[in-house]
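A.B. asks: missing the sequence, but the structure's below:
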């Protein structure tokens, strides 16, 4: 197994806060890498647990699928202890400031950018709707897409709060995600995995549900 690229999940628990409300949540933190280096997707709630899972590997980046506090609250702490840069889409910079007013990301993501870890490329797909700067990360070599809160098992992420828009998330899912190979594993920000093929037939039902 030495040197093999793999995907690991760490589940952390904390509070999601927005628009004056708070909710208890469990988040999926994804680690992509091999025995030597790794990349973290969505550093949620518990920097200690994430750092323990990374172990003595070099952390190359902390990538945020969007800037809701439950996906970014542990990012600065993890960055400080590992030296890894934090990346976020530019369109979520105002939302980021709600959680971290005194600390900026180290760099901004754009559609089509490629990040490499352990010789594996992750392509940034800008998928606004859940937030303005929401992104997914497509690892073609792993037949996997990390969707944050854009697409779950059973449908789109929520769009009832600030910075969100239902027609936009539907367009993002239809045009950027459901065009991926049907066997692609969808690794979500909360809950269980699914596949593109399992979700694609339900697009029209989601649209009707959102009207």
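C.D. replies: All right, it came through fine. Just so you know, these numbers come straight off a predicted model, no measurement behind them.
A.B. asks: contacts, neighbours, all on C-alpha from now
C.D. replies: Fine.
A.B. asks: tell me, how many neighbours does the residue nearest to residue 79 when sequence neighbours are not counted end up with?
C.D. replies: Excluding the flanking residues, the one nearest residue 79 by CA to CA, 6 or more residues apart in numbering is residue 85, at 6.2 Å. Residue 85: 18 surrounding residues under other CA atoms under 10 Å.
A.B. asks: Can you check the pLDDT for residue 85?
C.D. replies: For residue 85, the model assigns a pLDDT of 98.
A.B. asks: begin at 34 from here
C.D. replies: OK, 34 is where the count begins now, so the last one is residue 118.
A.B. asks: Please report the distance of it from residue 229.
C.D. replies: For residue 118, the distance to residue 229 equals 30 Å [CA to CA, to the nearest Å].
A.B. asks: Parallel or antiparallel, which strands does the helix or strand harbouring residue 149 pair with?
C.D. replies: Assigned by DSSP states H and E, residue 149 belongs to strand 147-150. Strand 147-150 sits in its sheet next to strand 153-159 (antiparallel), going by DSSP bridges.
A.B. asks: List the residues that contact the residue nearest to residue 112.
C.D. replies: 93, 94, 95, 112, 138, 139, 140 (CA atoms under 8 Å, 6 or more residues apart in numbering).
A.B. asks: The strand or helix carrying residue 130 packs against which elements?
C.D. replies: Using DSSP H and E, residue 130 sits in helix 126-132. Helix 126-132 sits against helix 102-105, with contacts defined as 3 or more CA pairs under 8 Å, 6 or more residues apart in numbering; DSSP states H and E.
A.B. asks: Give me the helices and strands touching the helix it packs on, please.
C.D. replies: strand 39-51, strand 54-66, helix 126-132.
A.B. asks: Pull the most distant pair out of the contacts of residue 118.
C.D. replies: 93 and 138 (14.4 Å; CA to CA).
A.B. asks: so residue 59 sits right up against residue 223, yeah?
C.D. replies: Yes: with contact defined as CA atoms under 8 Å, residue 59 reaches residue 223; the gap is 6.5 Å.
A.B. asks: roughly how far apart are residue 37 and residue 74?
C.D. replies: Distance from residue 37 to residue 74, by CA to CA: 19 Å.
A.B. asks: hmm, I was thinking of residue 142
C.D. replies: Taking CA to CA, one finds residue 142 at 13 Å from residue 74.
A.B. asks: Compare neighbour counts for those two and give me the winner.
C.D. replies: Taking neighbours as other CA under 10 Å, residue 142 and residue 74 compare with residue 74 leading, 27 against 22.
A.B. asks: Look up the pLDDT of residue 36 for me, please.
C.D. replies: At residue 36, pLDDT is 73.
A.B. asks: Which strand or helix spans residue 83?
C.D. replies: Residue 83 belongs to helix 80-87, assigned by DSSP H and E.
A.B. asks: In that helix, which residues are buried?
C.D. replies: Under the neighbour-count criterion of 16 or more other CA atoms under 10 Å, helix 80-87 has 80, 82, 83, 84, 87 buried.
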